[in-house]
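K.L.:
kindly generate the corresponding structure for this input.
(chains A and B)
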Amino acid sequence: MFTINSESSKKTEKIAEKISLLLSPGDVICLIGELGAGKTCFSKGLIRALGVKNKYVVSPTFTIINEYQGKYPIYHFDLYRLKNENELEALGFEEYFYGKGITLIEWADKMKKLLPKDRLEIYFSYVNENTRRIILKPKGKLWVSRDMESFSENIGS
Amino acid sequence: MYILGIETSCDETAAAVVNGKKELLSNVVFSQLKIHKPYGGVVPEFASRNHLKKINTVIGQAIREAGIKLSDLNAISVTYKPGLVGSLLIGISTAKALAYALNIPLIGINHIYGHIYANYVNDNRKKFPGIALVVSGGHTSLFLCRGHNKFSLLSQTRDDAAGEAFDKVSKSMNLGYPGGPLIEKMAKAGDPGAFKFPSARFKKGNKLDFSFSGLKTAVWCTYNKNINVKNFNLHDLAAGFQKSVVDTLVRNTFESANRYKIKSILLSGGVASNSSLREAMQEKAKKEGLDLFCPPKEFCTDNGAMVAVAGAYKFKKGMKFEFGLEPDAAF
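P.N.:
Purely as a prediction, here's the structure:
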């Protein structure tokens, strides 16, 4: 578990950029935190860092999922409007998780039971108006095997 | 001539009929609001299933109320993008089957352009060239409309849609769903100057772009900071938030009109039913000497009438039925 403080939305995007260097196809990243805690901001930074040139990387709340093509296919989910895990199953979400793209899931805590074992959980919380606390929790063998230790040393700088 | 319009892109199952003079003969909307209300938002799987349950009834009623028979139809127009794919599919499949059986053309309508055409429902005054603001739960976009079906996107939101901000702020203030009408009601008794929120403005890139995510967070922070403070007035907070959204929408819309030397503004989308936005737009238009068009509130939210009218303006003699129409989630 690693904790970083971000003092601005720019820094949150920078942190996302650094995390993007760790990723490979098939990875699932879960973003968890209140409204306005920085999930979409982080997603923006990550999606751009993965080579997506779209001018607009926007909140997928309305569409539930936005797809992008960068270095890899990127699936940006937002489960904010969903309630029940059965519905997610019915929508065939797993096909995305075990595919060749990178999956980003905002409000992933709404579907804990359906998440793959190997995933990076990122928790966002509010410290003050500009500052957010970002906690990284690697889950499963895949993430534990990655060298998060040395990575975390320079991620905050 | 008769055209049937079908709309199922989100949580409204809707159908309407217009005649050759583009007069509205019927307009049936089945809203799933009650079904989704307990969940604080639209649940896609429910939406799709309920469209399937209602679509035939809604179309049947639209045909009956128009006083015609199915065989009288000359074309069918249907929303094919953007929206929830599962929901769009119900409308498209029904429209395809009907058009195929009747051997009449099927016209695909972009939902966003449909909203712009809500301004032409029972109102054929010349409005183009114009600047169109489409503002709803899923979209906040400005278009330059050079003429019928000649629209180009000028700008859009970089994060949340304006309606989404209303919904999320409403939820974080524990007011409920949908947020638009609830915030508007709260704001009426509030002082918009009590809590001042800045209106987002970009220095880099497209200056006409919108952003409401920072505002949403600022309101949430203010709410949490003050919730235990004596005399904290929720009405004031709602009014301050609403004013910031309205100011941004008005500013960017009129800046676009100015930039492209356009004399006509078309408002549409669910948020266009907000009285405070309508008044502010009207006031600014009067001051600048521009014409403001805004559909009646019933045509601001999703409906079949706008799809039927958009279809009527796209319809050309000699059009044939084609199978190719597919749903698409993106704009």
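K.L.:
any chance you could map the strands in chain A?
P.N.:
Using DSSP state E, the strands of chain A run over A:2-6, A:28-33, A:65-69, A:73-78, A:102-106, A:119-126, A:132-139.
K.L.:
out of those, nearest to residue B:148?
P.N.:
strand A:65-69 (30.0 Å; Cβ to Cβ). (Glycine included, C-beta is placed from N, CA and C.)
K.L.:
what angle do the closest one and strand A:73-78 make?
P.N.:
Angle, strand A:65-69 to strand A:73-78, by axes from the mean of the first three to the mean of the last three Cα atoms, to 10 degrees: 160 degrees.
K.L.:
list the helices and strands strand A:65-69 packs on?
P.N.:
strand A:73-78 (3 or more Cβ pairs under 8 Å, 6 or more residues apart in numbering or on different chains; DSSP states H and E).
K.L.:
which strands and helices sit next to the strand it packs on?
P.N.:
Checking 3+ Cβ pairs under 8 Å, 6+ apart, strand A:73-78 ends up next to helix A:39-49, strand A:65-69, strand A:102-106.
K.L.:
pLDDT wise, what is residue 144 at?
P.N.:
This is for chain A. Looking at residue A:144, its pLDDT reads 81.
K.L.:
nope, chain B
P.N.:
98.
K.L.:
with residue A:63 instead?
P.N.:
So, for residue A:63, pLDDT stands at 75.
K.L.:
ok, it - contacts?
P.N.:
B:82, B:83, B:84, B:138, B:329, B:330 (Cβ atoms under 8 Å, 6 or more residues apart in numbering or on different chains).
K.L.:
who's in contact with the last one?
P.N.:
Put plainly, it is residue B:330. Residue B:330 neighbours (Cβ under 8 Å, 6+ apart): A:63, A:66, A:67, B:81, B:82.
K.L.:
what sits closest to the last one if chain neighbours are left out?
P.N.:
On the basis of Cβ to Cβ, 6 or more residues apart in numbering or on different chains, the spatially nearest residue to residue B:82 that is not a chain neighbour turns out to be residue B:331, at 4.8 Å.
K.L.:
that neighbour and residue A:105, how far apart?
P.N.:
23 Å (Cβ to Cβ, to the nearest Å).
K.L.:
got it, and residue B:196?
P.N.:
Counting by Cβ to Cβ - residue B:196 and residue A:105 are separated by 35 Å.
K.L.:
now do residue B:74
P.N.:
46 Å.
K.L.:
for residue A:24, same thing?
P.N.:
17 Å.
K.L.:
please apply the same query to residue A:118.
P.N.:
14 Å.
K.L.:
who has more neighbours out of those two?
P.N.:
residue A:105 (28 against 17; other Cβ atoms under 10 Å in any protein chain shown).
K.L.:
ok, the more buried one - contacts?
P.N.:
Contacts of residue A:105 (Cβ under 8 Å, 6+ apart): A:28, A:29, A:30, A:31, A:77, A:79, A:111, A:115.
K.L.:
number of nearby residues for the third one?
P.N.:
The number of residues packed around residue A:30, counting by other Cβ under 10 Å, is 24.
K.L.:
was I right to think it contacts residue A:108?
P.N.:
Yes - counting by Cβ atoms under 8 Å, residue A:30 does reach residue A:108; the two are 3.4 Å apart.
K.L.:
before we move on, the earlier item: looking at the contacts of residue B:330, which is nearest residue A:7?
P.N.:
Using Cβ to Cβ, the contacts of residue B:330 come closest to residue A:7 at residue A:66, 27.6 Å.
K.L.:
that closest one and residue A:56 touch, don't they?
P.N.:
No - between residue A:66 and residue A:56 there is no contact under Cβ under 8 Å: 9.5 Å.
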